[in-house]
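Asker: no sequence on this one, just coordinates:
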């Protein structure tokens, strides 16, 4: 049913996605799509309207309900999409095609015209091409953000308009005497009209339009621009050679990009290794497009990105790139979506996804094998080691290759900024590591730029590296007070139980990662502690948990104090103490908070009057100097933790000479890591921060954690600061590559000689890696890929011979990991959708406390409604959720509990559900409904 309509929607999708804004036809969305799909489309619209429109079309292609197509047309008409309504009704998009030259004109002059328009005056004369809803939105933007922002919103509306707006705009500008804007429009009118006539001539005979790749590194902006869209000045400055191609689909890569792609074009498995910012994603798009043309109707391409943030970015690029080709079907899948991957692959030519999605589909048998694909593209392919999903996928690939003679395996192309994986001391060891990576990816070609290195250097600027070794504070009373409190807490803990028998500590290096590891080991020992008296055991475990948790927070505060202000460390502790008082506040916690209260005034004095951190003084000096010399400087400041990112933002905001920088913060999407930071950033928030950083009148500095060093596209900057931020060779190359502007520099600021020495060693190792690559390229026989693969196959076979231990059927208790209060029995647990573990026993609500969830959201039909805590000690147990028509489902997390065998009384603690040793049944909805309340 509706096969013709669906096919036509596919054919003309490029016009529809350029016009349609899904939120404007929300009535249709809610009537014909499920709630989760509607939410996902509307969420995507906040970052990319075209991508959201494409997602809507992909959902419409799957609709079978009678009447949906007419409902779509009716909604378009009622929503004032008169041009699009007419085009879809008749399947005639000629009038929309005629708008294209004028939209391209807007693209070209937007930066100038938006500064010379007064949109509120214009709107009264533009009702024939701007809807009432758009007028209201433009007025609201002007009220909140000013005239320029409203002009940008007006231009965005015109760019997506389905009505003949160009003459209306000219008349409105003339009527309102906005002469400068009108002149900008008229100066380019002749060229636009020429483009329009050229386009009309092209309707019958395939027009010869040549496309040039224009990019700033790997920006989110359009990847392709017609030569007709680029002004003469742009052509000269970019070195674009004028001319007309013989085919509309011809694409032109830079010469060094062609060099990177040539082996992949010939069908060879290849690792493409090139600097950050050189356009590796564009090379990947070119390889993908070449492959699709080489195997028309047969090609199945999958592009994989390691992080959801990067997946969203790359999916958008693929959609934009292929939006003008209705014959290429592109879609995306990430872990948050519930789709049948087999169906997705069958109905699309290119699939962008996160690798775990593919791993899950292969494990579950949803996809029979990797042989359904013809090309695998792996972004950040240096991750193809160990237990990473990339390696899981490639192990399956190699098992097919080595065990079957009749196979049709896909071509494999990996992309990375560096192949300097694992540890190595010399060139020989580096070569071995690179050979291992090549074997893992079944690649016999490492593609680098050698012939066109000068062109590469003209586009990619390697920042100058410098080091600032800063002496630590000469004396710090704050550290002394913290250490005394921690020592007192340890002594109190020893009176309850000799904690050193749980995990001995060689030396008390307070404020270190080593001490943090000792705390973790002690807490694990507490969870498994067994005493003769069960009640005493509960009291001891709860007390030790409280002692060690306070030690952990004081240790965190010392780490913050080392890198930031004493004030920030004190704020961190105060937030923790306030949280303790608001939760289960027992006698042990009263004693512990008394230590803090006794020193609070002195700590407050040190926070306001104490010695300033020398590292912050150095950082302040660097920033002041850089912005004094160049007020257009753009800085990315890398830090190790979210807490430090938050602390440095506050410091900059509160420093008079630096507050003009208006720092933005870019962190990952994970759960909260401290009271200072709050939860991780959403994709929309991340995009907002990056967009703000692009604007010269907004954030001039971006403070980022490791989320920004791999994959995420950061706008061009000319200063990279690494604040105690050191990793391996790959991390060094990626972080340094964020400084893409000419004359950019990279500084490491540290008070630790060993970190500076490690970074200098990384620089030497980078040179070793370059020599190793050159050696392997000149002597391909040294790769020995087959030998590595056979050895790895033997290892995998040996591991497979070790049978998995069957899960026990016996009864186990789940005890609170903090106070050992009984929560439920293992036989009351059920597995929902293979990953959520619910408690059927309704009496669990007598043993837990609940409060509304601060971030209620839905995923996979499950809606979080409340947080779930131990009633005795307020330890976090999980969430309360609803599923389908069933409400109040307790979903528990395993690391919040200790598992005790009912018969032997032996205890175990597990970090992941997959590690538990007892069996659990899949949930049966009939069983659940007998025990749980139904939504009325």
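Answerer: Sure thing, it's come through. Just so we're clear, the structure is a prediction, and the values are computed from it rather than from any experiment.

Asker: which residue is nearest the middle of this structure?
Answerer: By CA atoms, centre = their mean, the chain has its centre lying nearest to residue 309, at 1.8 Å.

Asker: ok so that residue is a helix residue?
Answerer: Yes: Residue 309 sits within a helix when classified using DSSP: H, G, I helix; E, B strand; the rest coil.

Asker: per-residue pLDDT, it?
Answerer: Here the pLDDT value assigned to residue 309 is 78.

Asker: Correct me if wrong: it contacts residue 687.
Answerer: No: contact criterion CB atoms under 8 Å: residue 309 and residue 687 do not qualify, at 9.2 Å. (Glycine included, C-beta is placed from N, CA and C.)

Asker: Which residues does the helix or strand encompassing residue 342 contact?
Answerer: Assigned by DSSP states H and E, residue 342 belongs to helix 341-346. Identification of contacts with helix 341-346 by CB atoms under 8 Å, 6 or more residues apart in numbering yields 300, 302, 331, 333, 351, 353, 357-358, 361, 366-367, 372-373.

Asker: The same query, at a cut-off of 10 Å, please.
Answerer: 58, 62, 300-302, 331-333, 337, 340, 351, 353, 357-358, 360-362, 364-368, 372-373 (CB atoms under 10 Å, 6 or more residues apart in numbering).

Asker: and the helix or strand just after that helix, what does it pack onto?
Answerer: Using DSSP H and E, the helix or strand that follows helix 341-346 towards the C-terminus is strand 350-353. Judged by 3 or more CB pairs under 10 Å, 6 or more residues apart in numbering; DSSP states H and E, the packing partners of strand 350-353 are helix 280-294, strand 301-304, helix 308-322, strand 330-333, helix 341-346, helix 355-363, strand 375-379.

Asker: now strand 350-353: how far from the chain's centre is it?
Answerer: Strand 350-353 has its C-alpha centroid displaced from the chain centroid by 16 Å (CA atoms, centre = their mean, to the nearest Å).

Asker: ok, the closest residue to residue 599 other than its chain neighbours - contacts?
Answerer: Leaving aside its sequence neighbours, residue 599 sits nearest to residue 481 (CB to CB, 6 or more residues apart in numbering; 5.3 Å). Shown in contact with residue 481 (CB under 10 Å, 6+ apart): 554, 595-596, 598-599, 602-603, 606.

Asker: average model confidence for the host helix or strand of residue 481?
Answerer: For residue 481, the element it lies in under DSSP H and E is helix 477-496. Mean per-residue pLDDT for helix 477-496: 92.

Asker: ok now that helix, how far from the chain's centre?
Answerer: Counting by CA atoms, centre = their mean, helix 477-496 is centred 40 Å from the centre of its parent chain.

Asker: Report the buried residues of it.
Answerer: 478-479, 481-482, 485-486, 489-490, 492-493, 496 (16 or more other CB atoms under 10 Å).

Asker: Those: which two are farthest apart?
Answerer: 478 and 496 (27.8 Å; CB to CB).

Asker: For residue 637, give the beta-bridge partners.
Answerer: Counting by DSSP bridges, residue 637 forms beta bridges with residue 703, residue 721.

Asker: now the helices and strands packed on strand 350-353 in CSV, with distance to residue 781?
Answerer: CSV is the format used below for these (distance: least, CB to CB, whole Å):
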stretch, distance to residue 781
helix 280-294, 26
strand 301-304, 30
helix 308-322, 35
strand 330-333, 39
helix 341-346, 37
helix 355-363, 31
strand 375-379, 25
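
Asker: Which one, of the ones you listed, ends up nearest to residue 271?
Answerer: strand 375-379 (9.1 Å).

Asker: what helices or strands is the closest one leaning on?
Answerer: So strand 375-379, by 3+ CB pairs under 10 Å, 6+ apart, packs with helix 280-294, strand 301-304, helix 308-322, strand 350-353, helix 355-363, helix 389-403, strand 411-416.

Asker: from the chain's centre, how far out does it sit?
Answerer: Counting by CA atoms, centre = their mean, strand 375-379 comes out at 18 Å from the chain centroid.

Asker: What are the neighbouring residues in contact with residue 119?
Answerer: 126, 130, 135, 138-139, 141-142, 147-155, 157, 172, 176, 178.

Asker: Not counting stretch 68-81 itself, show me its contacts.
Answerer: Under CB under 10 Å, 6+ apart, the answer for stretch 68-81 is 1-2, 4-6, 9, 16, 19-21, 24-29, 31-33, 56, 60, 63, 65, 67, 82-89, 130-134, 161-163.

Asker: Give me the below-cutoff pLDDT ranges for the stretch 51-200 of the chain.
Answerer: Applying pLDDT under 70 to the stretch 51-200 of the chain flags the ranges 187-200.

Asker: Could you list the domains of the protein?
Answerer: Domain ranges of the chain: 3-91, 95-185, 255-459, 477-606, 614-750, 812-933, per the TED database.

Asker: I figured residue 618 was touching residue 751, is that so?
Answerer: Yes: applying CB atoms under 10 Å, one finds residue 618 in contact with residue 751, separated by 9.2 Å.

Asker: Before I go, just wanted to say thanks for your time.
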